[in-house]
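Visitor: no sequence on this one, just coordinates:
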Ligand code: ATP
């Protein structure tokens, strides 16, 4: 038996369900318990132990292990233990970070978990797709990813793209009729919808015949488990850089060892010092901290309702130079209220209290008004439900519920209309046609097509009009009057919907909307208000200050779009507004010449968005583009940052996107960009800190060898500096607050290298000064106490640590150490205080003094330490203040 061969009643009886009713909640729960959740099982995950062990196969870690072997071999067990400790702590850090990343990915998955529309005891409800069971009645429509295997029993222009299963990328047309043949391939089962395929057009209903691993997709699940590469460009660059830095550190270490031996130090102690130095100088913590900074940044973005689906986009966000945004619901609130109605030259203002004619006229005009309201409510997919205390709850598309509310004010309800007119067929709304229509039949059998949609589009398709009570051929003068009315409503920033009808003969039947929706009779217009979101104006201003251009792309009328753009300051003096029709005429070259000056695209179809993205990209822009529908997916995919709506977005748009807006709000894009910029800046901050510290550590040793001085630091001190001073403060820099002017800077160049904007110079100059200040402190102390090397070494150790801990505050700003309040980042203050305390512990607590070769310092020596340690950060900053120049 094949499901596609069976008629409806047999399917219903086998699955014990009814298409008109669906299952009861109890029955669904029972079946869910019996069959398990509707999910594909995931492949085996590596165990925690394997994940932990995997941390030690890194090249850098292998170098550390080699060093351990070497020092153990040389009999320095303490060093060997210290190194092993470092390796293990590194492994733990890497493991924690990987687990964290995995957890946050899982929670992202949860956030974007698909839902399904199921019928429960006659009512449509939205449920998590994993709760769907066999026998459930499911509704699918354009943009949905099908959640289970379904035998279709009602379809309306339904097309499904099944390439995931069949490899065929052209969508197949679906129907609800039984099929013959025993072994039809999946691609030919046209009355079935399969899990994981994508609805590209139309709508359908059917009964679920298989869920989870029982579906066709479940059967091939093991073939499609793909691991996405989530490394960001910066992570990849750092991986390469890491290798260069290792080579460089090893080279410098070898130089230190050779110089030391030439100066008469014994080979054994120089090799030990060299190994420790290599361990300290290799920035093994860098990749881990980058990933943590990215992961924590992503968590922060989620709290701001921006859900990052692809990690690399965190970096790209900071480079965005233009945001192309939808209007309805993103810039505006998507809370529609009809405020004006126009029909046959009459206009009414609509308020809470009802309708007031603004053009005068007698009561005979009232039935004209009634027609506009009634057709708007009849050709409608949404509904009003009664809430508490007689309030109305709007269910469905806000444009449609606004029409229901306006009709309700005149005492017209969709339910009463549907008693008079039964709906035979529906051509659903799609944003390319910009209209929707229904075929209705009254009790006497008269059939009629009722259409509602964009007024200019409906007007084009209208051959008749009812004017002065008579249906007549539409004249140019009528068209002028209608256009004037559309213009007048649009310039008040109202969104306009027109209604029209066409009587049909009894046997007239159309499979496709294009054939039905023609030769219409124009009835009237409703104008609805959709106020801008209050926070958007400021966000747009912020984007402009941040050097980011904002462009509105909307399906709405050109006048409405332009007047909202003006309200939001999105349309500068001399900026252009372009209509989709004009855009379609332009070739790439022509568009590239003007696209820089177009700020509003109106009456565009989703297909046009791709053309706009491409043109802006050819002009060198990094483009962020929003979208919600199936047809938006190609543009979302092509954009540098594809953004999907979390609430109104279809599954397809979300899957194509790299960022999902949890609240559909433009202001969230702005926050995400700010956060993206900040994450990148924080990564720069700790790269700067870690590398300058490492340069300082190597130079102290190199200077000492060149100056023929004894070893300024013993190996264990070098290792301690590396582990404690570098680790904690660097992590705290990773979660630093944004610098005040982060949204006043121009977007970062996408091709920018890690060391650009003076970072390389800052690292070398500060590193040099840290090294020089430390060796100076060492030298002065050694001069004063020539036979007490341990005192000079303690001073050098303290100076190096303190210089780094002061320098960490310098790293917080692109400008200077004086630029920011040092107490602002609590984590950093805490990290620095703990590092200082740990320093004091190893310098003053007895058994540790022996292990770390330290002695207590006098006040004078401490003054020397602090004075020298301040030089690298304060000297340059002071000099900079004085010169007012960037160093
Ligand atoms: P944006 O692209 O900014 O979200 P939009 O919502 O206006 O703008 P579309 O949804 O493509 O874009 O709508 C285009 C036009 O189609 C609208 O201006 C309106 O006139 C008409 N329209 C919108 N929704 C419906 C609907 N449910 N039924 C009929 N016509 C509609």
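Guide: Yes, it's here. It should be emphasised that the depicted structure is a prediction, and the values quoted were computed from it without experimental measurement. Numbers count the residues shown, from 1 in each chain.

Visitor: how about the residues of the protein that lie near the ligand?
Guide: For the chain, the contact set with the ligand under Cβ under 6 Å from any ligand atom comprises 326-328, 397, 399-400, 429, 431, 434-436, 452-454, 495, 497, 554-557. All C-beta atoms are positioned from the backbone trio N, CA, C, and that covers glycine.

Visitor: Now, of these, which are buried?
Guide: 326-328, 397, 399-400, 429, 431, 434-436, 452-454, 495, 497, 554-557 (16 or more other Cβ atoms under 10 Å).

Visitor: Which pLDDT value belongs to the residue in the stretch 651-800 of the chain that the ligand sits nearest to?
Guide: Among the residues of the stretch 651-800 of the chain, residue 664 lies nearest to the ligand; the distance is 9.8 Å by Cβ to the nearest ligand atom. The model reports residue 664 with a pLDDT of 92.

Visitor: Could you do residue 89 as well?
Guide: You'll see residue 89 listed with a pLDDT of 67.

Visitor: Kindly report the same for residue 250.
Guide: Per-residue confidence for residue 250 comes out at a pLDDT of 80.

Visitor: ok so, going back, in a strand, that's where the residue of the stretch 651-800 of the chain closest to the ligand is, yeah?
Guide: No: with DSSP: H, G, I helix; E, B strand; the rest coil as the criterion, residue 664 is coil rather than part of a strand.

Visitor: Can you list phi and psi of it for me?
Guide: For residue 664, the backbone dihedrals (degrees, to the nearest 10) come out as phi 60, psi 10.

Visitor: now swap in residue 780 and tell me
Guide: Per degrees, to the nearest 10, the backbone of residue 780 is at phi -60, psi -50.

Visitor: Isn't it up against residue 865?
Guide: No: under the criterion of Cβ atoms under 8 Å, residue 780 makes no contact with residue 865, lying 10.6 Å away.

Visitor: More neighbours: which of the two?
Guide: residue 865 (25 against 15; other Cβ atoms under 10 Å).

Visitor: Apart from its neighbours in sequence, what residue is nearest the residue in the stretch 401-550 of the chain positioned nearest to the ligand?
Guide: Nearest residue of the stretch 401-550 of the chain to the ligand, counting by Cβ to the nearest ligand atom: residue 431, 3.0 Å away. Closest residue to residue 431 apart from its sequence neighbours, by Cβ to Cβ, 6 or more residues apart in numbering: residue 555 at 5.0 Å.

Visitor: any idea how far the one you found lies from residue 119?
Guide: According to Cβ to Cβ, to the nearest Å, residue 555 and residue 119 sit 30 Å apart.

Visitor: Tell me if residue 182 really is in a helix.
Guide: No: following the definition three-state DSSP, residue 182 is coil and is not counted among the residues of a helix.

Visitor: which phi and psi does the residue nearest to it when sequence neighbours are not counted have?
Guide: With Cβ to Cβ, 6+ apart as the measure, residue 2 is the residue that lies nearest to residue 182, at 6.9 Å, once sequence neighbours are left out. With angles defined as degrees, to the nearest 10, residue 2 sits at phi -120, psi 140.

Visitor: Done for today, thanks.
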